[in-house]
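S.K.: My questions are about this predicted structure, shown below with the sequence.
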Amino acid sequence: MKYARVYFDDLEVGDELPPLVKGPIQQIQLTRYAGASGDFNPIHQDDEFARAAGMGGVFAHGMLSMGFVGQAVTDWSGAGTVRKLGVRFAALVRLKDVVTCRGRVVGKSSKVDLNLVELEVWAENQRAEKIVTGRATVALPSRS
Amino acid sequence: MTIQINKSLIGKEYPPYAVTVERGKIKEFARAIGDANPLYLDDRVGAASEWGDVIAPPTFAITLRDENADTAAFLRELGTDISRILHGEQEFEIFRPIQPGQTYLCRAKVVDIYEKTGRSGPMAFVVRETTIADGSNEIVATVRGVTVVRL
């Protein structure tokens, strides 16, 4: 049932996305994300550097958490449907953290050939602290 | 000890740069996130889709960097260094997914710099925007990022 088609007509404000659980975060994933994204800031790789910078140790790229949120949206709405994705990074993600991404429908609108659904999206850690908060807009097909 | 941020960078536009997106980079990026969506990873699924090829995940545009730009030099010009910066906010507006084999022209600009004092002390917020255009000069995405500098 993963990647089932979601139709604009079937959605209502308040509907929730299936939660996406990622992690526990391991150093190897941060190293892999650095290579894939080109962001080699040592603060995500080198514990000594991160401590000296006053950050208390390495933490995950914000963009990795945003990637998780993007996946939570597209697992539900389909790849290629995202028109807008915007987030604020609210707290750091540390090694061993488990990140759960969530979202819900907050609005629907239709223009000529375009059915847009507005989502509130967020991600939280295992202590239910929000690490990312934001909004997304997806364009969805209609049944008619 | 606080540092002084160079606000004269507000409005600065950087030379446009071209990036050709490689198929393998899209897949590497999706896998690094742990996103196994076949529309990102499977060429046959991509070919059979409305896009005619695989597409990139929504946050992939963050990887379209100027290979000739020197991040350390930018931070020095700003008056800081890499140990003081954090990612505050990020937004992607996507008009069309990024696809492999295409060459995109990117234009980056500093749109704002402002200071605020938060829970952890004084901070500067540097807002940058990059527009990404395809080979026919259609804008496919705009990318807006806020970098936080701990002063």
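M.R.: Here it is on my side, so go on. This structure is a prediction, so every number in the text was calculated from the model and none was measured. Residues are numbered from 1 along each chain as shown, chains lettered A, B, ... in the order given.

S.K.: Could you list the residues of chain A in contact with chain B?
M.R.: Proximity of chain A to chain B, by CB under 8 Å from any CB of the partner chain, involves residues A:3, A:22, A:29, A:32-33, A:35-39, A:41-43, A:49, A:52-54, A:61-64, A:66-68, A:70-71, A:73-75, A:78-80, A:82-89. In short, each C-beta sits where N, CA and C put it, glycine included.

S.K.: Now that we have the residues you listed, which of them are buried?
M.R.: Buried members of these, scored by 16 or more other CB atoms under 10 Å in any protein chain shown, are A:22, A:29, A:32-33, A:36-37, A:39, A:41-43, A:49, A:53, A:61-64, A:66-68, A:70-71, A:73-75, A:78-80, A:82-89.

S.K.: wait, is B:V111 part of a strand?
M.R.: Yes: under DSSP: H, G, I helix; E, B strand; the rest coil, B:V111 sits within a strand.

S.K.: Pull stretch B:114-126 out as PDB, backbone CA atoms only.
M.R.: The C-alpha trace of stretch B:114-126 is given here as PDB (Å, rounded to 0.1, in the frame of the first residue of the first chain):
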ATOM      1  CA  TYR B 114      19.200  41.200  10.400                       C
ATOM      2  CA  GLU B 115      20.100  40.700  14.100                       C
ATOM      3  CA  LYS B 116      18.000  39.500  17.000                       C
ATOM      4  CA  THR B 117      18.700  38.300  20.500                       C
ATOM      5  CA  GLY B 118      17.400  34.800  21.200                       C
ATOM      6  CA  ARG B 119      17.500  32.400  24.200                       C
ATOM      7  CA  SER B 120      21.100  31.600  23.500                       C
ATOM      8  CA  GLY B 121      22.300  35.200  23.000                       C
ATOM      9  CA  PRO B 122      22.700  37.700  20.100                       C
ATOM     10  CA  MET B 123      22.400  36.200  16.600                       C
ATOM     11  CA  ALA B 124      22.500  37.400  13.000                       C
ATOM     12  CA  PHE B 125      20.200  36.000  10.300                       C
ATOM     13  CA  VAL B 126      21.500  35.900   6.800                       C
END
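
S.K.: can you list the residues that contact it?
M.R.: Taking contacts as CB atoms under 8 Å, 6 or more residues apart in numbering or on different chains, the residues outside stretch B:114-126 that touch it are B:2, B:5, B:9, B:78, B:80, B:88, B:110, B:112-113, B:146-151.

S.K.: restrict these to those near chain A?
M.R.: B:88, B:150.

S.K.: circling back: can you tell me which of the residues of chain A next to chain B are in helices?
M.R.: Residues of the residues of chain A next to chain B located in helices (DSSP state H): A:29, A:32-33, A:35-37, A:49, A:52, A:62-64, A:66-68, A:70-71, A:73-75.

S.K.: Next, the angle helix A:62-77 makes with the strand ranked longest in chain A.
M.R.: With secondary structure taken from DSSP state E, chain A has its longest strand at strand A:99-111. Calculated by axes from the mean of the first three to the mean of the last three CA atoms, to 10 degrees, strand A:99-111 forms an angle of 60 degrees with helix A:62-77.

S.K.: What's the local residue count around A:F40?
M.R.: Under the neighbour criterion other CB atoms under 10 Å in any protein chain shown, A:F40 is assigned a count of 12.

S.K.: got the contact list for it?
M.R.: A:F40 neighbours (CB under 8 Å, 6+ apart): A:A34.

S.K.: 10 Å instead?
M.R.: Taking CB atoms under 10 Å, 6 or more residues apart in numbering or on different chains, we find A:F40 in contact with A:31, A:34, B:71, B:82.

S.K.: Return the distance of B:D43 relative to chain A.
M.R.: 14 Å (CB to the nearest CB, to the nearest Å).
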